[in-house]
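Asks: let me see the structure of the following:
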Amino acid sequence: LRKSFAQRYGKNLAVIMLDIDRFKVINDRFGHPAGDKVIVAITATLKGTLRESDGCGRYGGEEFLLILPESGVQDVCFLAERIRLKIEELRIPEIDNLPVTASLGIAVFDPSNPDENLIGIADKALYEAKHSGRNQVVIADDGLKGGVT
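Replies: All right, here's what the predicted structure looks like:
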């Protein structure tokens, strides 16, 4: 829906895929109730950071999908890094206050290629962030966009 809005009105649109780093280890070591506390804390962080017009939801076990209308490349990169840092600052007693980190992948709508799969592209950028050491933000470039349908 928002992508069609971006196409129709020429507005910017960005998608961020966020994955909690080593979430399985948290669940295995501290139990699923502790993992749930981590998800609740990250959800609160996202709600407190995003604009009212932004969309956010849990996409999978430890993944979140953020949809950011009217967001340019610079703005979304700044926001993603801000989210990453806020998550890194979280301290959750149920996991012995160990640091929690997240990896984020960004895709920005390109009006010259309206058929792009933004979620797939953001997911590739997320994979690159995790593969490159985790706890970082990667924005999809033309190299990452290749092969996503």
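Asks: for the protein, what spans make up the strands?
Replies: Secondary structure of the chain (DSSP state E): strands at 13-20, 55-58, 63-69, 102-108, 137-139.
Asks: shaky segments in the protein?
Replies: 1-10, 142-149 (pLDDT under 70).
Asks: residue boundaries of the helices in it?
Replies: Assignment of helices within the chain using DSSP state H yields the ranges 2-9, 23-30, 32-49, 73-89, 118-131, 142-145.
Asks: can you lay out those as JSON lines showing distance to Ile95 and mean neighbour count?
Replies: Bear in mind the C-beta positions are built from the backbone N, C-alpha and C, glycine included. As requested, these are exported to JSON lines (distance: least, C-beta to C-beta, whole Å; neighbours: other C-beta atoms under 10 Å):
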{"stretch": "helix 2-9", "distance to Ile95": "34", "mean neighbour count": "14"}
{"stretch": "helix 23-30", "distance to Ile95": "5", "mean neighbour count": "15"}
{"stretch": "helix 32-49", "distance to Ile95": "5", "mean neighbour count": "15"}
{"stretch": "helix 73-89", "distance to Ile95": "13", "mean neighbour count": "16"}
{"stretch": "helix 118-131", "distance to Ile95": "20", "mean neighbour count": "21"}
{"stretch": "helix 142-145", "distance to Ile95": "32", "mean neighbour count": "14"}
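Asks: who touches stretch 61-70?
Replies: Outside stretch 61-70, the residues that touch it by C-beta atoms under 8 Å, 6 or more residues apart in numbering are 2, 5-6, 11-20, 23-24, 39, 42-43, 46, 50-51, 53-59, 76, 79, 119, 122, 126.
Asks: in that stretch, what's buried?
Replies: Neighbour-count burial for stretch 61-70, counted by 16 or more other C-beta atoms under 10 Å, picks out 62-70.
Asks: measure Arg51 to Leu66 for me?
Replies: 11 Å (C-beta to C-beta, to the nearest Å).
Asks: typed the wrong thing, it's Val108
Replies: Using C-beta to C-beta, Val108 is found at 12 Å from Leu66.
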